[in-house]
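K.L.:
Here is a sequence with its predicted model. Questions after.
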Amino acid sequence: MIEPLLPEPLLNVDGLTKRYGRRLACDGIGFTLDPGEVLAVVGESGSGKSTLLSLIAGEVAADAGTVSYRMRDGVTRDLAALSVVDRRALMRTDWGFVRQDATQGLRMAVSAGGNVGERLMGVGDRHYGRIRATALDWLARVEIAADRVDDPPTRFSGGMRQRLQIARNLVTAPRLVLMDEPTSGLDVSVQARLLDMIRGLVAELGLAVIIVTHDLAVARLLSHRVLVMRAGRVIETGLTDQVLDDPQAAYTQLLVSSVLAA
C-alpha cells in the first residue's frame, strides 16, 4: 500500500538562537508549521517568546539557525537569503504581524480606511473606489462601523485599534500571521469579543498562525499545538489539549496549576 504524501510544512524553523550579551534569549528553537495550523507559544515574561517571533519575522538577526518558508509557487526558501525588497514584499502580502501595541502596527495619523487601503496599495492596487470598498468590507468584518472609515486610530478604543490592525493585516489574504499578545491589556469583555472574532477569521480564512501569549486560556481557545518556553528554551510541546490537560514537564505543570489556583 502506498502511503499518502503528507503536505509540506508552510514554515520550518530550525535551530534559532539569539544571545544578548550573556543572556540566551532563544536556544536552538525548532518547529514546523503546517498550512492552516495555529501554534501558541506560551511561557512567563522573559522566556523568549517575543524574541522568537521577532527572529521569525526577520526583525532581529539570529546568531544561528534558519527560517524557511514555502512560497506560493511551492518552492521553500530560506528567508535569510531573500533580498530586502523580497522580504518586504512577503510581509506586505503573504504574512501579517499583529502587534501587542496596536500603535506599532497602525499608521496613527492615517484614517481607518487608509490603514487598510495602504496595504492594498502595497500590492499594486491603485483603484480608489475598489480600495475604499474593500476597506469598508473589512471594517465591517472586524465590527467597525462604516461611518468610522475616515476617523484616525487616535479616536479609537484599544479594542477597536486591535480590530483595525487585524483588518489591515488580513486584507491581502496572507497565509501566515504572527500575533504577539493581541489581547494583552484589554478589558476582559473586550478580550472575549476579540478572541471570538480572531477564532472565526482564522477558521474562515484557513490561516496559519503563531500566537505568543502568557494566557493559557487564549492558547486553549485558539491553538492546535502549544510550545512552552522557559529561559529561551523549549520545555514542552505537543497538541494543546494534551499539554494543558496532562503536562509532563515540571515547569508546564507549574504554569497550569497557577492558572487553576487563580
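P.N.:
Received the coordinates, thanks.

K.L.:
Is Phe97 located within a helix, as I assumed?
P.N.:
No - the assignment for Phe97 by DSSP: H, G, I helix; E, B strand; the rest coil gives strand, which leaves it out of any helix.

K.L.:
which helices and strands sit right next to the helix or strand of the chain with the lowest mean pLDDT?
P.N.:
Lowest mean confidence among the helices and strands of the chain (mean pLDDT, DSSP states H and E): helix 250-261, at a mean of 85. For helix 250-261, the packing partners by 3 or more CB pairs under 8 Å, 6 or more residues apart in numbering; DSSP states H and E come out as helix 216-222, strand 225-230, strand 233-239. For glycine as for every other residue, the C-beta is placed from the backbone atoms N, C-alpha and C.

K.L.:
Okay, angle between that helix and strand 225-230 too, please.
P.N.:
100 degrees (axes from the mean of the first three to the mean of the last three CA atoms, to 10 degrees).

K.L.:
Would you mind listing the buried residues in helix 250-261?
P.N.:
For helix 250-261, burial by neighbour count (16 or more other CB atoms under 10 Å) applies to 251-252, 255-256.

K.L.:
Let me have those in a markdown table, extended by distance to Thr134.
P.N.:
As requested, the buried residues of helix 250-261 are exported to a markdown table (distance: CB to CB, whole Å):
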| residue | distance to Thr134 |
| --- | --- |
| Tyr251 | 45 |
| Thr252 | 43 |
| Leu255 | 41 |
| Val256 | 42 |
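
K.L.:
on that earlier part again, mean pLDDT and distance to Gly124 added to the helices and strands packed on helix 250-261, as JSON lines?
P.N.:
Output for these, formatted as JSON lines (pLDDT from 0 to 100; distance: least, CB to CB, whole Å):
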{"stretch": "helix 216-222", "mean pLDDT": "94", "distance to Gly124": "32"}
{"stretch": "strand 225-230", "mean pLDDT": "97", "distance to Gly124": "35"}
{"stretch": "strand 233-239", "mean pLDDT": "97", "distance to Gly124": "39"}
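
K.L.:
Most tightly packed of those?
P.N.:
Neighbour counts averaged per stretch over the helices and strands packed on helix 250-261 are highest for strand 225-230, at a mean of 23; criterion: mean count of other CB atoms under 10 Å.

K.L.:
before we move on, the earlier item: can you state the direction angle for the least confident helix or strand of the chain and strand 233-239?
P.N.:
In terms of direction (the same axes, to 10 degrees), helix 250-261 departs from strand 233-239 by 70 degrees.

K.L.:
Pull the residues that contact helix 250-261.
P.N.:
Here helix 250-261 makes contact (CB atoms under 8 Å, 6 or more residues apart in numbering) with 42-44, 216-217, 228, 230, 235-236, 243-244, 247.

K.L.:
how much distance is there from it to the middle of the chain?
P.N.:
24 Å (CA atoms, centre = their mean, to the nearest Å).

K.L.:
Perfect, that will be all.
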